[in-house]
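In: Predicted structure and sequence below. I'll ask about it afterward.
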Amino acid sequence: MTSGRRGGRKTGKPDAPKVTNFGDHAVIVPKNLLRKAWARNSAEGLPDPVADAERALAALSGEFAGWMDSECERLDTARKAVRAKGFDAETRQALYHAAHDIKGEAATFGFPRAATAAASLCRLIERTTDTRRIPLTLVDQHVDAVRAIVREHGTTRAEIVADALTARLREIVDAFLKSENGGRLPDDDEVLSPPTVPRADGP
Amino acid sequence: MIRIDFNRLRFLLIDDNAHMRRILRTLLHGFGSREVYEAEDGAAGLEAFTHNIPDIVITDWAMPIFDGLELTQMIRQPGANANPFVPIIMLTGHSEKKRVMAARDCGVTEFLVKPISANALYQRVLTVVVNPRPFIKTKTFFGPDRRRLVNPNYVGVERRKGTAKAEIIPQQALLERVKISE
């Protein structure tokens, strides 16, 4: 095992990382260039940056419904391409990508149930080995569900209907995936975003 | 206590979805950032990375031309660009454990699953600024140390060879990180 600095002393570069060599790997500690952003003075009396960002996002929220509509149009266009050409690499990618974007964005836009329906479509596409075997009716049901949830958002009983709809979609997808996998459901390995710090109210 | 002066940080956002880029930009401006650059695919992202030399990269996974993983691998080429150590935060709708592991193995620093929140993004930035991890270089990997915690009670096979001195690598306890962020 050898250890020591590389570059720093020989070249005189102050930012050269500290390198320690071991049997089959090296541990490199670069200079923390982001230390320039440390502000050690008290935060007392200063605005909370997270609250400021949330306010900025709230100010933007007037645009979210229009953005959601455009994402739904994109999903519908991708669905029509699948209907016209069938599943190939291009149409599969366009449909999956459109659904995946809605899965990631819809909750931020205020449409969490649309995200659930889109996630079901992503799961259907991801978990099916040969997407050409996916019934187009099942694709239609997902796309129509996403569009209906967005369209009816805020109306009476919309949330109850959306929950029932997404639960039923999940059941249908489960049944299809089981039939495609010899009666077994492919592993779902969903995880939540790993927290960098424990919750304040946690154990 | 350490606060972050976001005004001193330069960000690069890479996402093919214009709505998501707008949201990220809004959040970062809300934190106090002023230098926020954008790119809409992996290739443009690499170009913007080389040109603007950002302090922190926030990238999507699924993008045209080449994706967030390929972009990360290109950035994590020692000697190939100005800063292969740059913190890379992957923001994605992919939430499966195998995806998180794949991103980690490509050299991603932090992983953030959509939907995004101001607090989650702030915590990731705080982590990379205040608690940077050392880098590990092997024949097959170059990136932030994938071992976030030192387990003194670990009794399994030691996969790293010649790690006798590894214990000197400073690893801040999770509890200390919490105190800093409070």
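Out: Received it, and whenever you're ready, just let me know what you need.

In: Would you enumerate the residues in contact with residue 116?
Out: Let's take chain A. A:162, A:166 (C-beta atoms under 8 Å, 6 or more residues apart in numbering or on different chains). C-beta: built from backbone N, CA, C; applies to glycine.

In: Wait, chain B was what I had in mind.
Out: With C-beta under 8 Å, 6+ apart, residue B:116 has these contacts: A:108, B:20, B:23-24, B:27, B:91.

In: now these as CSV including distance to residue A:32?
Out: Listed next are the contacts of residue B:116 as CSV, based on distance: C-beta to C-beta, whole Å:
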residue, distance to residue A:32
A:108, 31
B:20, 29
B:23, 28
B:24, 24
B:27, 23
B:91, 23
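
In: Which of those fall within helices?
Out: B:20, B:23-24, B:27 (DSSP state H).

In: could those residues go into JSON lines alongside pLDDT and distance to chain A?
Out: Below are those laid out as JSON lines (pLDDT from 0 to 100; distance: C-beta to the nearest C-beta, whole Å):
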{"residue": "B:20", "pLDDT": "97", "distance to chain A": "6"}
{"residue": "B:23", "pLDDT": "97", "distance to chain A": "6"}
{"residue": "B:24", "pLDDT": "98", "distance to chain A": "10"}
{"residue": "B:27", "pLDDT": "97", "distance to chain A": "5"}
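
In: on that earlier part again, quick one: buried ones out of the contacts of residue B:116?
Out: Buried members of the contacts of residue B:116, counted by 16 or more other C-beta atoms under 10 Å in any protein chain shown: A:108, B:20, B:23-24, B:27, B:91.

In: Could you point out which residue ranges in chain B have low pLDDT?
Out: Along chain B, the parts satisfying pLDDT under 70 run over B:1, B:162-182.

In: Tell me which residue of it is furthest from the middle?
Out: Computed with C-alpha atoms, centre = their mean, the residue of chain B farthest from its C-alpha average is residue B:155, at 29.7 Å.

In: what's the distance between that residue and chain A?
Out: According to C-beta to the nearest C-beta, to the nearest Å, residue B:155 stands 20 Å off from chain A.

In: Would you check that residue A:98 makes contact with residue A:70?
Out: No. Using C-beta atoms under 8 Å, residue A:98 makes no contact with residue A:70, being 10.7 Å away.

In: Give me the more crowded residue out of these two.
Out: Shown here are residue A:98 and residue A:70; by other C-beta atoms under 10 Å in any protein chain shown, residue A:98 has more neighbours (24 against 11).

In: The more buried one: what secondary structure?
Out: helix (DSSP: H, G, I helix; E, B strand; the rest coil).

In: Could you check the pLDDT of it?
Out: What the model reports for residue A:98 is a pLDDT of 97.

In: Next: the one 3 residues further on.
Out: The confidence metric pLDDT takes the value 96 at residue A:101.

In: Then residue A:16?
Out: pLDDT, read off for residue A:16, is 81.

In: Look at it and give its secondary structure.
Out: coil.

In: helices and strands of chain A: which one has the lowest mean pLDDT?
Out: Lowest on mean pLDDT, DSSP states H and E among the helices and strands of chain A sits helix A:8-11, with a mean of 37.

In: Show the subsequent helix or strand relative to it.
Out: strand A:18-21 (DSSP states H and E).

In: Past that next one, which element shows up next along the chain?
Out: strand A:26-29.

In: Can you give me the domain assignment for chain A?
Out: A:1-30, A:63-180 (automatic domain parsing).

In: Which of the ones you listed has the highest mean neighbour count?
Out: domain A:63-180 (a mean of 18; mean count of other C-beta atoms under 10 Å in any protein chain shown).

In: and the gap between residue A:50 and residue A:101?
Out: Going from residue A:50 to residue A:101 by C-beta to C-beta, to the nearest Å gives 25 Å.

In: which ones are touching residue 36?
Out: Just going to use chain A. residue B:8.

In: The chain in question should be chain B.
Out: B:10-13, B:24-25, B:28-29.

In: Pick the one among the residues you listed closest to chain A.
Out: residue B:29 (6.3 Å; C-beta to the nearest C-beta).

In: residue contacts, residue 67?
Out: You didn't say which chain, so I picked chain A. A:105, A:109, B:19.

In: my bad, the chain I had in mind was chain B
Out: B:42, B:61.

In: which residue sits closest to residue B:36 in space, ignoring its chain neighbours?
Out: Nearest non-adjacent residue to residue B:36, counting by C-beta to C-beta, 6 or more residues apart in numbering or on different chains: residue B:11, 4.8 Å away.
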